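Peer 1: Quick one: sequence plus predicted model below, questions after.
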Amino acid sequence: MLYDIRQVTHYSYALPVPFARQALRLLPVDRPGQRVIASDLSIRPAPTERDDAFDFFGNRITTVAFAFPHDELRLETRARVLVDTPALPEAASTPRFETVRRLALTEPDLGPRSPVQFLFPSRLIAINTEIGEYAAASFPEGRPVLEGAFDLTRRIKDEFRYDSEATDVTTLPAEAFEQRAGVCQDFAHIMIAGLRTMGLPAAYVSGFLRTEPPPGRPRLEGADATHAWVAVWCGRDAGWIGFDPTNGVIAENDHLVLAIGRDYADAAPVDGVIVTSGDHTLDVAVDVVPVES
């Protein structure tokens, strides 16, 4: 699928902000199964400083600084992206989850896609016995890892309530798990916490969803803003496979990757510091439109 992406992020500040420094992860990059044809990030007002680089996980980061008073910030991403997700392996043919757990600990690679990077606690995701026990119900002895991961994905979709008022960006997985409610960030964090507690590698993925579904298919939850899902390492042959617990589906050509990390802190679309004494409002609008052949 070939898509045109447009995202507008607009901050309005109650009082002028005299200084700000921010890290923006708003531009997609080439990844396995995804090719960026063109991309651009427009920033208004124009920053005093701008630097484009890549972090350890291969995410593109635009660092900006504003050394003058401003009462709003408008960020507009435009991109054309080709998504061609590799065909999924037969679930029953993937290794037993016990094998994947053992292989992950013996991987010699320490690069950004190594399962070792996504096995341990991170800034926002702790090892949690209660969440681990919940996840383990999807992994009876000997179950193929893809089968277990998909079962856990569907259970979170069925047993948790999507509620944007139940949590905020600072809510930790244990709190959202106790409420059985939250948004895509919470459901991804809960799934990752459960898998890591079991010893299975899981990464946090930030990205976009196709805004309008194909005929006959339901609209995916979270298509109006940046979405979040989980990538699970399913062994050396199957590699990383995406699972969307908000919608109970495997991430395929409807999902476009923006950033990958250990948790939201590694992949936040906008991060940084502003100097102000007032409040602010945030509006985000996303369009992901298939390009006609």
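Peer 2: Here it is on my side, so go on.
Peer 1: can you give me the helices in the stretch 151-293 of the chain?
Peer 2: 173-179, 184-197, 264-267 (DSSP state H, counting those that start in this stretch).
Peer 1: what's the most buried one of those?
Peer 2: Counting by mean count of other CB atoms under 10 Å, helix 184-197 has the highest mean neighbour count of the helices of the stretch 151-293 of the chain, with a mean of 28. No exception for glycine: its C-beta is placed from N, CA and C like everyone else's.
Peer 1: To residue 62, which of the helices of the stretch 151-293 of the chain lies closest?
Peer 2: Nearest to residue 62, of all the helices of the stretch 151-293 of the chain, is helix 264-267, at 14.2 Å by CB to CB.
Peer 1: Number of residues surrounding the residue lying closest to residue 279 once chain neighbours are set aside?
Peer 2: Once flanking residues are discounted, residue 279 sits nearest to residue 14: 4.8 Å by CB to CB, 6 or more residues apart in numbering. For residue 14, the count of nearby residues is 12 (other CB atoms under 10 Å).
Peer 1: Same question for the one 10 residues further on.
Peer 2: Other residues near residue 24 number 22, with proximity taken as other CB under 10 Å.
Peer 1: Tell me what it is bridged to.
Peer 2: Counting by DSSP bridges, residue 24 is bridged to residue 62, residue 270.
Peer 1: picking up where we left off before, just put the helices of the stretch 151-293 of the chain in TSV and tack on mean pLDDT.
Peer 2: Shown next, in TSV, are the helices of the stretch 151-293 of the chain (pLDDT from 0 to 100):
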stretch	mean pLDDT
helix 173-179	97
helix 184-197	98
helix 264-267	97
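Peer 1: now what about the helix or strand containing residue 20, what contacts it?
Peer 2: Secondary structure assignment for residue 20, by DSSP states H and E: strand 19-24. If you take CB atoms under 8 Å, 6 or more residues apart in numbering as the criterion, strand 19-24 is touched by 41, 43, 61-67, 70, 73, 75, 269-275.
Peer 1: switch to 7 Å and redo it
Peer 2: Outside strand 19-24, the residues that touch it by CB atoms under 7 Å, 6 or more residues apart in numbering are 41, 61-67, 75, 270-275.
Peer 1: which of those are buried?
Peer 2: 41, 61, 62, 63, 64, 66, 75, 270, 274 (16 or more other CB atoms under 10 Å).
Peer 1: Could you give the bridge partners of the first one?
Peer 2: With DSSP bridges as the criterion, residue 41 is bridged to residue 77.
Peer 1: That one contacts residue 79, correct?
Peer 2: No: using CB atoms under 7 Å, residue 41 is not in contact with residue 79, being 9.0 Å away.
Peer 1: shared neighbours, these two?
Peer 2: Common contact partners of residue 41 and residue 79 (CB under 7 Å, 6+ apart): residue 27.
Peer 1: just for the stretch 151-293 of the chain, where's the confidence low?
Peer 2: Scanning the stretch 151-293 of the chain for pLDDT under 70 picks out 221-222, 293.
Peer 1: Would you tell me which of the helices of the stretch 151-293 of the chain gets closest to residue 287?
Peer 2: Shortest separation from residue 287 across these is recorded for helix 184-197, at 17.8 Å, computed as CB to CB.
Peer 1: tell me how far the closest one is from the chain's mean position?
Peer 2: Put simply, helix 184-197 sits 11 Å off its chain's centre (CA atoms, centre = their mean, to the nearest Å).
Peer 1: Residues touching that helix, excluding its own?
Peer 2: Identification of contacts with helix 184-197 by CB under 7 Å, 6+ apart yields 119, 124-129, 131-132, 134-135, 152, 156, 160, 167, 171, 173, 176-177, 202, 204, 222, 227-230, 232, 245-246, 263-264.
Peer 1: Would you convert the buried ones among the contacts of strand 19-24 into CSV that also reports distance to residue 8?
Peer 2: Putting these into CSV (distance: CB to CB, whole Å) gives the following:
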residue, distance to residue 8
41, 11
61, 20
62, 16
63, 20
64, 16
66, 18
75, 7
270, 13
274, 19
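Peer 1: Out of these, give me the two with the largest separation.
Peer 2: Greatest spatial distance in these: 41 and 274, 18.5 Å, computed using CB to CB.
Peer 1: care to break the chain down by domain?
Peer 2: As assigned by automatic domain parsing, the chain contains the domains 2-83+268-290, 91-266.
Peer 1: average model confidence for the helix or strand containing residue 75?
Peer 2: Residue 75 is part of strand 70-83 when elements are defined by DSSP H and E. Per-region confidence: strand 70-83 scores 97 on mean pLDDT.
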